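K.L.:
following is a predicted model, sequence given first.
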Amino acid sequence: MQYWGHKFEDYITSENPSLIPSPKKIFSTMNKATLGRHNLLYSCEIDACTINSTFHEDTKQQGTYVEVKVTYAKHLLDLNIASSRKYAKWWQQCYLAGMNHMLLGFRDDCGIVQCLQPLGVKDIEIRAKSWSASAFISFLDEFCSFIQRTITKDRDVYLFYYSPKEKKIKWRLSNEEQYRFLPDWFIEELS
């Protein structure tokens, strides 16, 4: 099913989509933000931008990014946005990337997209019943505080993960090279 999502992105964003989609074709932005007393630097994957998007070098204003999703439903009214964790995840992804719009492809059992519909990210938030945007933002702020208290050495790699059995976030130190992705010059520049 992940293939269907990649293929849908290829069809939506390309004039001549390849037969086999390439999930390696990724465009990401680097974002700086302030959350409470925390300065954040993070990357967001961007699926597409509107055809009239431009980046203004003088104002550093971004184009209009759009998140592209394929989902199993006949149309927007079939989505249970009010309670589904999937849509909360969509909201979080768009919120952090500064996206206000999504394009949904509604697929059938065979993965064939039958209908396209835009969805405003604000609409997801308004229709939510089992979660709230402010709760997510508060959690992120608390999690950043937890990280700040936990990390005591600059060069160590800390892995954070959720333990469903214990119902809490845990961490461990790692020496594994695969997690050491920041070059020394970057770390020294920020120190």
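P.N.:
Noted; the coordinates are in hand.

K.L.:
count the residues that sit near Asp47.
P.N.:
Using other CB atoms under 10 Å, the number of residues around Asp47 comes to 20. (Each C-beta comes from the backbone N, C-alpha and C, glycine too.)

K.L.:
how much space between it and Leu104?
P.N.:
Computed as CB to CB, to the nearest Å, the Asp47 to Leu104 distance reads 12 Å.

K.L.:
find residues that contact each of those two.
P.N.:
Shared contacts of Asp47 and Leu104 (CB atoms under 8 Å, 6 or more residues apart in numbering): none.

K.L.:
for Arg155, pull up the helix or strand it's in.
P.N.:
Of the helices and strands defined by DSSP states H and E, none includes Arg155.

K.L.:
next one: Lys170
P.N.:
Using DSSP H and E, Lys170 falls in strand 168-174.

K.L.:
residue boundaries of the strands in the protein?
P.N.:
27-35, 38-46, 48-49, 65-72, 101-107, 113-120, 157-163, 168-174 (DSSP state E).

K.L.:
what lines up beside the first one in the sheet?
P.N.:
Spelled out, that is strand 27-35. Its sheet considered, strand 27-35 pairs with strand 38-46 (antiparallel) by DSSP bridges.

K.L.:
count of neighbours near the nearest residue to Ser43 once chain neighbours are set aside?
P.N.:
Using CB to CB, 6 or more residues apart in numbering and skipping the chain neighbours, the partner closest in space to Ser43 is Ser28 (4.8 Å). For Ser28, the count of nearby residues is 11 (other CB under 10 Å).

K.L.:
pretty sure Ser28 contacts Ile46?
P.N.:
Yes: judged on CB atoms under 8 Å, Ser28 makes contact with Ile46 at a distance of 6.5 Å.
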